[in-house]
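Sequence below, structure please.
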Amino acid sequence: MMKNRIMILGALEEFVPLVRLAKSRGIRTVVADGNSGAPAKQEADEAYDLDIRDTEALSELMKKTQVDGVVTAYSDLLLECMVKASAPAGLPCHIRPDQLPWYRDKYVTNRTLEKLGIGTPKSTVLKKDFADSELEGISFPMVIKPLDMYGSRGLRIVYSTEEIREAFDLCVSTSGNKTLLAEEYVDTHEFNIQCWVRHGTVHILGIADREKSFVSRHDIPVSTRNIYPSRLIREVRDGALDILQKYIGITGQSEGPLCMQFYWGRERGLEVGEIAARFLGYEHELLQFADDFSVEELLLDSVFDSDRLDAELARGDAMGRRCAAVLYFHGRDGIAADLSRAIAIGNRNDVQYSRVFYHEGQRIGNPQTMPYVARYDIVADSRGEIDRISQEILDGISVRDPQGKELLIRNVLGTYE
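Sure thing, here's the model as predicted:
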């Protein structure tokens, strides 16, 4: 008989491996998500259609199903709902509700970093009737974004006070409090770091170069390639670890996942963009490809097997036994008529995972109706080989409309001094 029961919050494709691993360990899986028919629900022992934003109903479901623990990942919204629902249900969680602002409110994050003397792009919070003087000391160009944003909605690069006023309503159209954050745009090397906190100590699982490609003057450059381990890992590892250790000293996080997006340049040094108490979606697989870290195992071990969790964390060094990368391709508005070259790339021996998000005849839209047009995970023994494979894929991929017009935004590989 299955003695342990776990609730997995989230049921999209990325949660399927977590459900399968739990079942293979004899753990009964209970999946909750608002998407009926989602892939992970088809694999679970029990599945519930529930708007996860209704945290009272979610908490009652946790009690009703008598689960021993709850886990989630990859989404700030999923994390927030899990934290708010697990506390009244009496279930352990690596973050308390009162700790959420440090991970969900960018203004709180920036002010905390400033108090700690940690570099972060200068920023300020603006309301619709803001005065020009509120922007003193902050240099253009700036990025404006909703203060309570989810994902990358509402982001825009602006070059003057007038442009902020013109774009204000559109920027906050998805926001609940109609307030935006204006911060300096940083154009140095960018990184993702994924970690696990154990007994108040931060353990690095991996550091990735986060490469972007230009779209237009006002659009944030799109994320197009993340590579583990970072080519500059020796330059940034100790500094990034020190930042996160100081940060959780303030927030009080003593357990669980922790990630950070940050920048580094020789003149500006390290600067923090975002900090979250979760793993990064569409990227966590690279930790396993590069250094044999299974996010799914860490999540389950944190609930059911602390000795095994400690053993996993003790063996890693984040330098990577191999090199792994994810390539993201974005598109312009148009009907996807010819996807054959994008689909064919998935048949390469060096592509570990591929997904084309559209079918022939579908409209990509503006903005895209799917996260990406296509995504590919690749693995090799060296960074040089990863770069060669990446360039071959960039040279070979194409998605065209019925008139033969290219719909993909052109990706450009990053450069490193």
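
quick one: terminal-to-terminal distance for stretch 126-140?
15 Å (Cα to Cα, to the nearest Å).

centre of the chain versus it, how much separation?
29 Å (Cα atoms, centre = their mean, to the nearest Å).

Buried ones in that stretch, by neighbour count?
Neighbour counts over stretch 126-140 (16 or more other Cβ atoms under 10 Å) mark 126, 130, 135 as buried. All C-beta atoms are positioned from the backbone trio N, CA, C, and that covers glycine.

quick one: contacts of it?
122-124, 144, 158-161, 164, 168-169, 178-184 (Cβ atoms under 8 Å, 6 or more residues apart in numbering).

before we move on, back to that, CSV for the buried residues of stretch 126-140, including distance to residue 396 and secondary structure?
Below are the buried residues of stretch 126-140 laid out as CSV (distance: Cβ to Cβ, whole Å; DSSP: H, G, I helix; E, B strand; the rest coil):
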residue, distance to residue 396, secondary structure
126, 44, strand
130, 48, coil
135, 45, helix
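
I'd like those laid out as JSON lines, including pLDDT.
Conversion of the buried residues of stretch 126-140 to JSON lines gives the following (pLDDT from 0 to 100):
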{"residue": "126", "pLDDT": "92"}
{"residue": "130", "pLDDT": "93"}
{"residue": "135", "pLDDT": "93"}
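
ok so, going back, select from the contacts of stretch 126-140 every entry located in helices.
161, 164, 168, 169 (DSSP state H).

surely residue 363 meets residue 333?
Yes. Between residue 363 and residue 333 there is a contact under Cβ atoms under 8 Å: 7.3 Å.

ranges for the strands of the stretch 1-150 of the chain?
4-9, 27-33, 46-49, 69-71, 123-126, 142-146 (DSSP state E, counting those that start in this stretch).

List the neighbouring strands of the third one plus their orientation.
For strand 46-49, the paired strands and their directions (DSSP bridges) are strand 27-33 (parallel).

correct me, but residue 291 touches residue 205?
Yes. With contact defined as Cβ under 8 Å, residue 291 reaches residue 205; the gap is 7.3 Å.

between these two, who's got more neighbours?
Comparing residue 291 with residue 205 by other Cβ atoms under 10 Å, the one with more neighbours is residue 205, at 26 against 20.

Off-centre distance for the one helix or strand the more buried one maps to?
Assigned by DSSP states H and E, residue 205 falls within strand 201-213. Centre-to-centre, strand 201-213 and its host chain are 11 Å apart (Cα atoms, centre = their mean).

now for that strand, which elements pack on it?
For strand 201-213, the packing partners by 3 or more Cβ pairs under 8 Å, 6 or more residues apart in numbering; DSSP states H and E come out as strand 189-198, strand 222-228, helix 233-251, helix 284-291.

Could you find the closest non-adjacent residue to the residue nearest the centre of the chain?
Nearest residue to the geometric centre of the chain (Cα atoms, centre = their mean): residue 280, 3.4 Å. Spatial nearest neighbour of residue 280, chain neighbours left out: residue 259 (5.4 Å); criterion: Cβ to Cβ, 6 or more residues apart in numbering.

what's the domain layout of the chain?
4-93, 122-184, 189-396 (automatic domain parsing).

And those: which comes nearest residue 110?
For the domains of the chain, the distance to residue 110 is smallest for domain 122-184, at 5.3 Å, taking Cβ to Cβ.

Ends of that closest one, what's the gap?
Note: domain 122-184 ends 6 Å apart using Cα to Cα.

do stretch 100-108 as well
Across stretch 100-108, first to last residue, Cα to Cα, it's 10 Å.

Show me which positions of it end up buried.
Buried residues in stretch 100-108 (16+ other Cβ under 10 Å): 100, 102, 103, 104, 105, 106, 107.

any chance you could map the helices in the protein?
Secondary structure of the chain (DSSP H): helices at 16-24, 39-43, 55-65, 76-89, 101-104, 106-115, 161-171, 233-251, 284-291, 295-304, 306-315, 340-345, 383-396.

Which stretch among those helices approaches residue 328 most closely?
helix 383-396 (11.3 Å).

Counting by contacts, list what the closest one packs against.
Going by 3+ Cβ pairs under 8 Å, 6+ apart, helix 383-396 lies up against strand 222-228, strand 323-329, helix 340-345, strand 374-380.

Give me the distance from the third one to the chain's centre.
Centre-to-centre, helix 340-345 and its host chain are 26 Å apart (Cα atoms, centre = their mean).
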